[in-house]
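A.B. asks: can you look at this prediction? I've put the sequence above it.
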Amino acid sequence: MSMLEEVSVPDVTAASADIVKSKKPISRFKLVLSRLRSTPRFWVGIVGLGIIILWAIFGLVPNAWNYTDLDVYNMGSSPSALHWFGTSDIGEDIYAQTIVGLRKSLIIGLLVGPLAAIIAGIIGAVAGYLGGWWDRILVWIIDLLLVLPSLFLFILLSPIFKSLSWVALIFLLSGFGWMIMARVIRAQTKSLRERDFIKAARFMGVDTWTIIRRHVLPNVSSLLIIDATLGIGGAILSETTLSFFGFGIQAPDVSLGTLLSAGQTAAATRPWLFIFPAAILVFTVLSASLVGDALRDAVDPTSGVNRD
């Protein structure tokens, strides 16, 4: 037997096949998750937002005062061991009021962001998929709402909403926060409409609304998730602005906006009335924005800071 015959030659074809089989395609969800894990601002934002939410839920537990209690012996006092954030001119505990106001602002933001994204997804998908006069009418409505000054409409509608619960403010903010994303979803849907799997579904006789629900909306869900996340911070700022000017949350309810409005006149002489609610507002909106920005860049690596 020769030397060449004694040497065993490895089965290169079989080895290559094993390597190919071992390399399974990574799902989009796992890919986005891996990008988020390697993004520092995502962790900063999610930790900050988690701290804010936990503080809003449990922050009143160690406090001896309720937000409606009045301490007539310490009216307008500075922060102390008795009143951690000080008191207002009539003896209200600013710490308790800040937590209750934060709860109200968080509830509004966490509801308005996703609700506006849902409205944008439905209207944008319907306009983009159906086309024709449906598209023209919906685009006309979107353009009309975009050019109308929303703050002016809020002021006009505020007498009606003042007589209703603060829950009505959620629907008001949601009704004016979906238009830009609806145009994005419409453009994406027009592109999806020409894809083979959509054409196959139409050919098989699947009805229009089922196609939109099962095929179109799931394929634009990443955009809607990003919009809902970024919309939380925007909704909190919108509510705060309206409440600051007296068109949002009404007494006896409190929010960060009402606290800022009440403390603005005393910001120079009694800064604790303004600084603490303002700092909480900035921290909350910044945390939500960091999470939204990181999520956007993870879904679309060519956006934001990742763009080459």
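C.D. replies: Nice, thanks for sending it over.

A.B. asks: pLDDT weak spots in the stretch 1-150 of the chain?
C.D. replies: Confidence mapping of the stretch 1-150 of the chain against pLDDT under 70 gives the ranges 1-28.

A.B. asks: ok, now with 80
C.D. replies: 1-32, 148-150 (pLDDT under 80).

A.B. asks: gap between the most centrally placed residue in the chain and Ile141?
C.D. replies: In the chain, the residue lying closest to the centroid (C-alpha atoms, centre = their mean) is Thr229, at 2.6 Å. The gap separating Thr229 from Ile141 is 25 Å, by C-beta to C-beta, to the nearest Å. C-beta: built from backbone N, CA, C; applies to glycine.

A.B. asks: quick check: longest helix of the chain.
C.D. replies: In the chain, with assignment by DSSP state H, the single longest helix is helix 94-130.

A.B. asks: got the phi/psi numbers for Thr240?
C.D. replies: With angles defined as degrees, to the nearest 10, Thr240 sits at phi -60, psi -40.

A.B. asks: number of residues surrounding it?
C.D. replies: By the criterion of other C-beta atoms under 10 Å, Thr240 has 28 neighbours.

A.B. asks: test for you: state the pLDDT assigned to the residue nearest to it when sequence neighbours are not counted.
C.D. replies: Distance criterion C-beta to C-beta, 6 or more residues apart in numbering; nearest residue to Thr240, sequence neighbours excluded, is Gly257 at 3.8 Å. Predicted confidence (pLDDT) for Gly257: 86.

A.B. asks: just Phe247 next, same as before
C.D. replies: pLDDT for Phe247: 76.

A.B. asks: nearest spatial neighbour of it, skipping sequence neighbours?
C.D. replies: Nearest residue to Phe247 in three dimensions, chain neighbours excluded: Ser158, at 4.1 Å (C-beta to C-beta, 6+ apart).

A.B. asks: circling back to that earlier point, tilt between the helix or strand that the residue nearest to the centre of the chain is a member of and helix 94-130?
C.D. replies: Per DSSP states H and E: Thr229 is located in helix 221-244. On the basis of axes from the mean of the first three to the mean of the last three C-alpha atoms, to 10 degrees, helix 221-244 is oriented at 140 degrees to helix 94-130.
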